[in-house]
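Peer 1: fold the following and give me the result.
(chains A and B)
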Amino acid sequence: DQQVKQNSPSLSVQEGRISILNCDYTNSMFDYFLWYKKYPAEGPTFLISISSIKDKNEDGRFTVFLNKSAKHLSLHIVPSQPGDSAVYFCAARLGSGNTGKLIFGQGTTLQVKP
Amino acid sequence: ETGVTQSPTHLIKTRGQQVTLRCSSQSGHNTVSWYQQALGQGPQFIFQYYREEENGRGNFPPRFSGLQFPNYSSELNVNALELDDSALYLCASSLGGTKNIQYFGAGTRLSVL
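Peer 2: Just a heads-up that it's a prediction; the model follows:
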């Protein structure tokens, strides 16, 4: 039972354009959503998060949108840079405070072409 | 750089053996979580420790066990290794609280032959 899904295994965009990565979930009990970026031979690096009570959070070039009614979130990267090329994981938190566990999607590989 | 370090980076074992993986948390973080990441998949939650007590467990058999020490470093032990245990094992530490952002180490790549 895949509670968090990233349906696009890969995405290719031109440098300077917008990258949009999508994520769908099924469990209404998730209270936080996070995006992680992973380079080869490194662990996932935290990028940005959003509480389930918000619909948008912005940090520099990165913006996460949450649509609770559709159980959908997306990560927008504007403008995209070649250094953004990595695997992006969407994660949802179940539980709160010190008990929260993360449920991850399968990941989307983003390639930003110069 | 997350301040979370894992050792060893790579490990090769044979089926039926036992393995211990280690994790040193970011300074001040009292919660550690372990994840298994199979090739082409997202990380899967194994279990979590908070102040030396197991605090939650995913869908993994009892041969996966762990420990957290007073300095908040942690171990993951896997007994009776199976071929399907071959994966990247990730440790993440966090401070708890409302956001409870988990910060990951680079992982240990385990190959079971």
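Peer 1: ok, B:R51 touching B:S25?
Peer 2: No. Taking CB atoms under 8 Å as the definition, B:R51 is not a contact partner of B:S25, at 11.8 Å. (C-beta placed from N, C-alpha, C; glycine too.)
Peer 1: and these two? Which one has more around it.
Peer 2: More neighbours surround B:S25 than the other of B:R51 and B:S25, with 27 against 12 (other CB atoms under 10 Å in any protein chain shown).
Peer 1: now do the contacts for the more buried one.
Peer 2: B:G3, B:V4, B:V32, B:Y72, B:S73, B:S74, B:C91, B:S93 (CB atoms under 8 Å, 6 or more residues apart in numbering or on different chains).
Peer 1: so for it, what's the pLDDT?
Peer 2: Note for B:S25: predicted pLDDT of 89.
Peer 1: what about the helix or strand hosting B:W34, distance to the chain center?
Peer 2: B:W34 is part of strand B:31-37, with elements assigned from DSSP states H and E. Taking the mean of its C-alpha atoms, strand B:31-37 sits 4 Å from the chain's own mean (CA atoms, centre = their mean, to the nearest Å).
Peer 1: pull up the pairing partners for that strand, direction included.
Peer 2: Applying DSSP bridges, strand B:31-37 is found paired with strand B:44-50 (antiparallel), strand B:87-94 (antiparallel).
Peer 1: avg pLDDT for the last one?
Peer 2: Mean pLDDT, taken over the full extent of strand B:87-94, equals 94.
Peer 1: buried residues, that strand. List them.
Peer 2: B:A87, B:L88, B:Y89, B:L90, B:C91, B:A92, B:S93, B:S94 (16 or more other CB atoms under 10 Å in any protein chain shown).
Peer 1: wouldn't the fourth one be in contact with A:G43 here?
Peer 2: Right, the one you point to is B:L90. Yes. Using CB under 8 Å, B:L90 is in contact with A:G43, at 5.7 Å.
Peer 1: any shared contact partners between these two?
Peer 2: With CB under 8 Å, 6+ apart as the test, B:L90 and A:G43 both reach B:Q6, B:F104, B:G105, B:G107.
Peer 1: quick one: those as CSV, columns for distance to chain A, neighbour count and secondary structure too.
Peer 2: Converted to CSV, those look like this (distance: CB to the nearest CB, whole Å; neighbours: other CB atoms under 10 Å in any protein chain shown; DSSP: H, G, I helix; E, B strand; the rest coil):
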residue, distance to chain A, neighbour count, secondary structure
B:Q6, 8, 20, strand
B:F104, 4, 23, strand
B:G105, 5, 26, coil
B:G107, 5, 26, coil
